[in-house]
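S.K.: Sequence and predicted model, in that order:
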Amino acid sequence: KNEVEQSPQNLTAQEGEFITINCSYSVGISALHWLQQHPGGGIVSLFMLSSGKKKHGRLIATINIQEKHSSLHITASHPRDSAVYICAVIISGTYKYIFGTGTRLKVLA
Amino acid sequence: EPEVTQTPSHQVTQMGQEVILRCVPISNHLYFYWYRQILGQKVEFLVSFYNNEISEKSEIFDDQFSVERPDGSNFTLKIRSTKLEDSAMYFCASSGDGYTEAFFGQGTRLTVV
C-alpha cells in the first residue's frame, strides 16, 4: 500500500467547474506539499502546508492533520489548469519526501 | 524570481557509461535533493544533502550513485556504470531549511541505450 494515496487518478472537467483532488497519507508528517507537473515534465510548487488552509488565486489547499488528509481545490477551472497534480509529504523528523502517484487533470474548453 | 536550474535537459548515454547531472540550486538555500521519475511512474526520493554531506538516502541510492557539491553553486549527481533501468527524468530541488517549500528544477531526461 502506498503511504501517500491520491484520488481520483484521472479527472476530466469542463471549463468553469469546481475541482477537488484528495490526498491521504499514512505516515507522520511535518508538512505536505502540493505540486503541479506539466506535460513537459517540469514540476512547480503550489503550496506547502502543515495546518489549516492556504489560498493562492483560484487554488485552495486544506489539510486535516488528525485525519491525515489534504485537499486541493481549483475554482473556475480553465484549460491551462490541465496538468498532473502531485501530493508529497515530508516524513516527520526527516528531510525525505514521499510522493503520491498524481492526479491527471484535463479541463475541456 | 530565483530558480533551480539543471543541465543538460536531455542526455543520452551508452549502457555502462558514467553520467554527471548538474544542478544549480537557489543561492541562499541550504538543503539539496535529487529525485527521479521513471516514465509513467511516480516521483521517487533519491537523496538529500546538507552541510556537504548526505543527510538521507533511499534504498534506490546505492553505490552506483554519488552526489557532490564541488563548489559553492553546483550540486551534481553522478551515476556510474549506467543501466537501461536508470532511464528516467531526474529532478534536483533545493529548500531553505529542509522543512520549508522545496523548489524543483526542470529536470534532466536521461536515456540509457
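M.R.: Looks like it arrived, so ask away.
S.K.: distance of residue B:9 from chain A?
M.R.: 10 Å (CB to the nearest CB, to the nearest Å). (Glycine included, C-beta is placed from N, CA and C.)
S.K.: Hmm, residue B:108 and that residue touching each other?
M.R.: Yes: judged on CB atoms under 8 Å, residue B:9 makes contact with residue B:108 at a distance of 6.3 Å.
S.K.: okay, these two: which has more neighbours?
M.R.: Between residue B:9 and residue B:108, counted using other CB atoms under 10 Å in any protein chain shown, the more crowded position is residue B:108 (23 against 12).
S.K.: Who are the contact partners of the more buried one?
M.R.: Shown in contact with residue B:108 (CB atoms under 8 Å, 6 or more residues apart in numbering or on different chains): B:6, B:7, B:8, B:9, B:10, B:11, B:21, B:89, B:90.
S.K.: Which residue, neighbours along the chain excluded, lies closest to residue A:53?
M.R.: Once its chain neighbours are removed from consideration, residue A:53 has its nearest residue in residue A:62; the separation is 4.7 Å (CB to CB, 6 or more residues apart in numbering or on different chains).
S.K.: list the contacts for that neighbour?
M.R.: Neighbouring residues of residue A:62 by CB under 8 Å, 6+ apart: A:49, A:52, A:53, A:70, A:71, A:73.
S.K.: which phi and psi does the last one have?
M.R.: Backbone torsions of residue A:73, given as degrees, to the nearest 10, read phi -110, psi 140.
S.K.: Is it bridged to anything, and to what?
M.R.: The residues paired with residue A:73 through beta bridges, assigned by DSSP bridges, are residue A:20, residue A:60.
S.K.: was I right about it contacting residue A:22?
M.R.: No: counting by CB under 8 Å, residue A:73 does not reach residue A:22; the two are 10.1 Å apart.
S.K.: And residue A:15, how close does it get to residue B:93?
M.R.: 32 Å (CB to CB, to the nearest Å).
S.K.: sorry, that was for residue A:43
M.R.: 8 Å.
S.K.: Now for these two: what residues contact both?
M.R.: Taking CB under 8 Å, 6+ apart as the criterion, residue A:43 and residue B:93 both touch residue B:104.
S.K.: show me where pLDDT drops low in the chain?
M.R.: Just so you know, I chose chain A. For chain A, the stretches flagged by pLDDT under 70 are A:1.
S.K.: try again with chain B
M.R.: Screening chain B residue by residue with the criterion pLDDT under 70, one finds the ranges B:98.
S.K.: center of it - which residue?
M.R.: What sits nearest the mean C-alpha location of chain B, by CA atoms, centre = their mean, is residue B:34, with 3.3 Å.
S.K.: Now for that residue, which secondary structure element holds it?
M.R.: Per DSSP states H and E, residue B:34 falls inside strand B:31-37.
S.K.: by contact count, what packs against that strand?
M.R.: Using 3 or more CB pairs under 8 Å, 6 or more residues apart in numbering or on different chains; DSSP states H and E as the contact criterion, the secondary-structure elements in contact with strand B:31-37 are strand A:97-99, strand B:19-24, strand B:44-50, strand B:88-95.
S.K.: quick one: that strand to chain centroid distance?
M.R.: Average the C-alpha atoms of strand B:31-37, do the same for its chain, and the two points are 5 Å apart (CA atoms, centre = their mean, to the nearest Å).
S.K.: Which residue ranges of chain A form strands?
M.R.: A:4-7, A:10-14, A:19-25, A:29-37, A:43-49, A:52-56, A:59-64, A:69-74, A:83-91, A:97-99, A:103-108 (DSSP state E).
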